[in-house]
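Asker: when you get a sec, could you give me coordinates for this:
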Amino acid sequence: MIQDGELVYARGYGMADLEHGIPITPRSVFRIGSTSKQFTALCILLLEEEGKLSQGKLSRDDDIHTFFPEMPEYPAPVTVRQLIHHTSGVRDYLTLMSLGGKRGDDFYTDEEVVAMIVRQQELNFFPGEQHLYSNSG
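Answerer: Numbering: from 1, shown residues only. As a prediction, this is how the structure comes out:
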């Protein structure tokens with residue numbers, strides 16, 4: 001619980017790993033990406049509906065270079081809309097990590113994930129032409 005901007009109470013409930021008897025603590029880390037993608041997309045749509053996207057903050061049709069200028073130049077712009085709809089062609093970072101020798105239960109930072117994606121000089125397909133689920137979005 002946070003009060004006046006300060007953490008005053010923290011506790012975990014339940015088990016993080018039943019097989020190994022590891023309890024959930026306030027320091028437990030969970031990968032929630034696949035369960036949070038739809039909430040991120042909804043927030044973008046709500047901002048657009050409220051007219052807040054047109055104020056220079058964010059547009060579904062923004063090129064991803066607006067937010068990640070270090071991304072390679074591709075044959076066509078990759079947009080926020082395409083990331084939301086899994087039509088960007090951007091390679092899935094979990095697949096890339098696996099190819100790089102990481103296991104599914106290994107921990108890696110956001111910086112490592114971005115670095116892995118940025119090293120990809122090609123897309124899986126031309127943006128907007130196909131659908132392929134990608135955690136990189």
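Asker: strands along this protein, start to end?
Answerer: Using DSSP state E, the strands of the chain run over residues 2-3, 6-7, 15-17, 22-23.
Asker: looking at the ones you listed, which is closest to Val90?
Answerer: Val90 sits nearest to strand 15-17 of all the strands of the chain, at 30.2 Å, using CB to CB. (Glycine included, C-beta is placed from N, CA and C.)
Asker: just give me how far the closest one sits from the chain centre.
Answerer: What separates the centre of strand 15-17 from the centre of its chain is 24 Å, taken as CA atoms, centre = their mean, to the nearest Å.
Asker: now for that strand, which elements pack on it?
Answerer: In terms of contacts (3 or more CB pairs under 8 Å, 6 or more residues apart in numbering; DSSP states H and E), strand 15-17 is packed against strand 22-23.
Asker: each with direction, which strands does the strand it packs on pair with?
Answerer: Under the criterion DSSP bridges, strand 22-23 sits next to strand 15-17 (antiparallel) in its sheet.
Asker: what comes up buried for the lowest-mean-pLDDT helix or strand in the chain?
Answerer: Here the helix or strand of the chain ranked lowest by mean pLDDT, DSSP states H and E is helix 33-49, holding a mean of 83. Neighbour counts using 16 or more other CB atoms under 10 Å place Lys37, Ala41, Ile44, Leu47 of helix 33-49 among the buried residues.
Asker: and this protein, what are its domain boundaries?
Answerer: Domain assignment for the chain, taken from automatic domain parsing, gives 1-29, 31-137.
Asker: quick one, which of those is packed in tightest?
Answerer: Sort the domains of the chain by mean neighbour count, taking mean count of other CB atoms under 10 Å, and domain 31-137 sits at the top with a mean of 14.
Asker: and the end-to-end length of that one?
Answerer: Its first and final residues considered, domain 31-137 spans 15 Å by CA to CA, to the nearest Å.
Asker: which stretch among the strands of the chain comes nearest Val118?
Answerer: Smallest distance to Val118 across these (CB to CB): 31.1 Å, for strand 15-17.
Asker: cool, thanks, talk later.
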